[in-house]
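> Quick one: sequence and predicted model below, then my questions.
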Amino acid sequence: MRTYVIISSWQSVTAHEFDILKSQGVEQTSMDTARKSKDSTQAILKWSGDRPAGIATMTVAFEGSHAQLLEYLEQNKSDWGDPEN
């Protein structure tokens, strides 16, 4: 099962930290490919399997399934826009 998180401190994540997350199983290929909130302060990351250890050092606003993520985005449209995009 794939798990999704919203990192609420995205602007403070360094390229080095992101590379560590990638090596731990995060599926995004670069910081630029992560879906970001309208103001770019938050980003969505996803993985399959065990939770990447590096996530523990970040501020997580949401964690759950794809269906739960879509519901969260729908409830927070003002921050994210249309959840289907």
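Nice, thanks for sending it over. Residues are numbered from 1 along each chain as shown.
> contacts, neighbours, all on C-alpha from now
Fine.
> So which residues of this structure form strands?
For the chain, the strands defined by DSSP state E occupy 2-7, 35-36, 43-48, 60-64.
> low-confidence ranges in this structure?
83-85 (pLDDT under 70).
> In this structure, which residue is most central in space?
Most central in the chain under Cα atoms, centre = their mean is Ile44, positioned 2.2 Å from the mean C-alpha point.
> Go ahead and confirm Met31 touches Ala15.
Yes. Contact criterion Cα atoms under 8 Å: Met31 and Ala15 qualify, at 7.4 Å.
> For those two, indicate the residue with more neighbours.
Met31 (17 against 11; other Cα atoms under 10 Å).
> wait, what's in contact with that one?
Ala15, Phe18 (Cα atoms under 8 Å, 6 or more residues apart in numbering).
> And for the one 4 residues further on?
With contacts taken as Cα under 8 Å, 6+ apart, Arg35 has the following neighbours: Ala43, Ile44, Leu45.
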